[in-house]
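Asker: The following comprises the amino acid sequence and a computationally predicted model.
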Amino acid sequence: MPSVRDRALSILDLLAHHPPELPLAEIADRLDIPRAAAHRVLADLKETGYVRQDRDGGPYRLTAKIVTLAFAYLAGNGIPDVAQPVLDRLAEATGELARLAVVDGEQLTWVAKAQGKQHGLRVDPDDGAEVYLVATANGHAWLSCMDDDAALAIAVRQGIRREGYGPGAPRSMAELLDALQRARRNGFAMVVDAYEAGTSAVAVPILRKGGVVGTVSVAGPTIRMTEARMEGIAPILREVAAELSLLAAGSPLFTTAKR
């Protein structure tokens, strides 16, 4: 039987990936937890300030407390000091969204971003911490550094979600392998209308001491981010990745990332 701690973590993870809010019954059903037990755990999380209800009996949502913990953790590991100035320059140079993700075990986690387009049509996602590997340039850049068996094993464990993504997202493991082979040949990964329709991105891995510690990307509206333009951005990304690799020694989050 799952412990109270495990149930609490599962509820926090569920709420983090299904904004903005969920009712008790749906939380219990999604996690296969008895409703009475889910109610007790949610009451504890509410009392400690991690979730809230806007009214009695209403749906639950995360509070800013968990975000504060995340930012405190990143700040303690030097991410803002190390990466933000580099991302700011990348965003300014490309006029698009620059993002950094780090390897954490078998997942890739967004940790920093910079917006280069201040007005007009732009991409500015707020889609949680975990990178969806199958439909993102960052995911492809990381997986392309593995052999096919290792890449597929990680992708399978995260899951291929066929709904809710753009028409360019791989719909099978074979299509994913084709994308990874292209990324290996090119030295960078590109996706077009994959994570969502109308958005495209290019990414490269950040290598350190023979392993991949993260990825860096540039994303924007497909109308501007043509394949030709992304190919032109790729050399800039490689230079940024090399710079971040050198700076990574100042961040425990990078240097302890599993490879």
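Answerer: Good, I have the coordinates. Residues are numbered from 1 along each chain as shown.
Asker: any idea where the helices of this protein begin and end?
Answerer: Shown for the chain, the helices assigned by DSSP state H span residues 4-17, 24-31, 35-47, 65-76, 79-94, 137-143, 148-158, 173-186, 227-247, 252-255.
Asker: residue contacts, the residue lying closest to residue 148 once chain neighbours are set aside?
Answerer: Nearest in space to residue 148, with sequence neighbours left out and distances taken as C-beta to C-beta, 6 or more residues apart in numbering, is residue 177 at 5.9 Å. The way it works is simple: take the backbone N, C-alpha and C, and place the C-beta from them, glycine included. Listed by C-beta atoms under 8 Å, 6 or more residues apart in numbering, the contact partners of residue 177 are 148, 151, 152.
Asker: Check the helices of the chain for me and report the most buried one.
Answerer: helix 137-143 (a mean of 29; mean count of other C-beta atoms under 10 Å).
Asker: still on that earlier bit, confidence-wise, which of the helices of the chain is weakest overall?
Answerer: The stretch with the lowest mean pLDDT among those is helix 252-255, at a mean of 56.
Asker: can you pull the contacts of residue 155?
Answerer: By C-beta under 8 Å, 6+ apart, the neighbours of residue 155 are 133, 134, 143, 173, 176.
Asker: Let me have those residues in CSV, adding distance to residue 230 as columns.
Answerer: Shown next, in CSV, are the contacts of residue 155 (distance: C-beta to C-beta, whole Å):
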residue, distance to residue 230
133, 19
134, 19
143, 18
173, 24
176, 19
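Asker: what's the closest of those to residue 166?
Answerer: residue 134 (11.5 Å; C-beta to C-beta).
Asker: Return the residues in contact with that closest one.
Answerer: Contacts of residue 134 (C-beta under 8 Å, 6+ apart): 155, 158, 160, 161, 169, 170, 176.
Asker: Pick the one among the residues you listed closest to residue 211.
Answerer: residue 155 (18.8 Å).
Asker: Any figure for the gap between the closest one and residue 180?
Answerer: Distance from residue 155 to residue 180, counting by C-beta to C-beta, to the nearest Å: 9 Å.
Asker: who touches both of the two?
Answerer: Residues touching both residue 155 and residue 180 (C-beta under 8 Å, 6+ apart): residue 143.
Asker: and residue 105, which of the helices of the chain is closest to it?
Answerer: Across the helices of the chain, closest to residue 105 is helix 148-158 (C-beta to C-beta), at 9.7 Å.
Asker: Run the chain-centre distance for the closest one.
Answerer: Relative to the chain's own centre, helix 148-158 is displaced by 17 Å; criterion: C-alpha atoms, centre = their mean, to the nearest Å.
Asker: Export that helix to PDB, keeping only CA atoms.
Answerer: Written as PDB, here are the backbone C-alpha positions of helix 148-158 (Å, rounded to 0.1, in the frame of the first residue of the first chain):
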ATOM      1  CA  ASP A 148      18.600   3.500 -30.000                       C
ATOM      2  CA  ASP A 149      17.800   0.900 -27.300                       C
ATOM      3  CA  ALA A 150      18.600   3.300 -24.400                       C
ATOM      4  CA  ALA A 151      16.700   6.200 -26.100                       C
ATOM      5  CA  LEU A 152      13.600   4.100 -26.700                       C
ATOM      6  CA  ALA A 153      13.600   2.700 -23.200                       C
ATOM      7  CA  ILE A 154      13.500   6.200 -21.700                       C
ATOM      8  CA  ALA A 155      10.900   7.300 -24.200                       C
ATOM      9  CA  VAL A 156       8.700   4.300 -23.500                       C
ATOM     10  CA  ARG A 157       8.900   4.900 -19.700                       C
ATOM     11  CA  GLN A 158       7.800   8.500 -20.200                       C
END
